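J.: Please work out how this folds:
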Amino acid sequence: MSSLKRLRPSKNIGPFSPRLIGLRILTYLGAGYIIKFMAEDNEFLTDVDFGQYRTLIYNESGIHFTSTNRSILESRLKERLREKGLDSPRSYYLLISKNSEELKDFLDSVTTNLTHFFRNDAHFKALENFVIPELLKIKQGTPNPTLKVWSAGCSTGEEPYSIAMLMSEILPPPGRFEIVASDISLKSLMEGRKGFYGDARIEGIPEGYLRKYCTRLEGGYQFKPEIMGKIRFDYHNLKHDSGQRNVDLVLCRNVIIYFDEVAQLEVIKRFWEVMAPKSFLFIGHSESLFGMDTKFEFVKTQWATFYRKYI
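T.: Prediction:
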């Protein structure tokens, strides 16, 4: 008789036990069989699926997902699958590959929309005390000068409204300016267009600004028409040309940090192309153009650091 013994199944764990449903490998060894049970593969997103999604997201938006933020992608995917009534990442991938509107909604879901009014106070001090006065000097002698601002990656609108209030406050009459606020998130843009912010979200707005530029409503504050009229909210993917030209001030803060180096450089070069010959660029405090092949000049002031285009 063979020295190999047949494995006795446990009373509680059999080959078809729900506790061990998964991949089973049946190995023949002489007179006996050994059934090896491998733990169920509970991966929601396989490496192949992750690679496909990562490539699609990068090609469409420039956003770069790595193994460190893979869990964020998985979480957002689960939400989309629940909403669409689908059962697997692959079935949803087939959907967004064919449906451009659903692809926009998906890209919307994977973006991070964390912001608040007058975020990074040092930047706004630099705008007030250096950048805006410098732009006014540049515009001197120009008939009916208008300062053109682009808030790129504006999220739900706190940044462009903050800029609009600041400029309304400090620009000398007639104080002409216009702001284009763009984002890849349609949901965020729609929220910004409403101009209404709940009580929990108006933190950061100086009390004087709040009284002057907003109207108190039940549950929050509504921006007045004279401020809302200065801002045009527009869907835009930073992977593409915005169509703007001669922009005096670009703010793209805490956005390119989600791109890889190649995509970052492409975005920065597009900013250069749309900006006026003498203009300014603000990026996030944790972002830098150091080591990039760009023409921007680094500027350090007592309030904050930023970049300028002077040609």
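
J.: hey, let's count contacts and neighbours off CA atoms from now on
T.: Noted.

J.: Please, where are all the helices along the protein?
T.: 47-61, 70-84, 89-98, 100-110, 121-126, 132-139, 158-170, 186-194, 207-213, 225-228, 261-274 (DSSP state H).

J.: Quick one, which of those helices gets closest to G284.
T.: helix 121-126 (9.4 Å; Cα to Cα).

J.: ranking the helices of the chain by burial, who's on top?
T.: Burial of the helices of the chain is given as mean neighbour count (mean count of other Cα atoms under 10 Å); helix 158-170 ranks first at a mean of 20.

J.: Turn the helices of the chain into CSV, columns for distance to V180.
T.: Formatted as CSV, those follow (distance: least, Cα to Cα, whole Å):
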stretch, distance to V180
helix 47-61, 19
helix 70-84, 28
helix 89-98, 28
helix 100-110, 19
helix 121-126, 18
helix 132-139, 17
helix 158-170, 8
helix 186-194, 11
helix 207-213, 19
helix 225-228, 11
helix 261-274, 13
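
J.: Could I get the phi/psi values of G219?
T.: phi 90, psi 0 (degrees, to the nearest 10).

J.: wait, what's in contact with A164?
T.: Neighbouring residues of A164 by Cα atoms under 8 Å, 6 or more residues apart in numbering: 179, 227, 230-231.

J.: ok, now F65?
T.: F65 sits next to 54, 58, 73, 258 when contact means Cα under 8 Å, 6+ apart.

J.: Quick check: it vs D183, distance?
T.: Distance from F65 to D183, counting by Cα to Cα, to the nearest Å: 19 Å.

J.: what's the longest strand in the chain?
T.: Among the segments of the chain that qualify as a strand by DSSP state E, the longest is strand 275-283.

J.: Start and end of stretch 83-100, how far apart?
T.: 17 Å.

J.: Repeat that for stretch 256-267.
T.: Counting by Cα to Cα, the terminal residues of stretch 256-267 are separated by 8 Å.

J.: what's the distance between the closest residue to T301 other than its chain neighbours and P133?
T.: Excluding the flanking residues, the one nearest T301 by Cα to Cα, 6 or more residues apart in numbering is A126, at 7.4 Å. Here A126 is placed at a distance of 10 Å from P133 (Cα to Cα).
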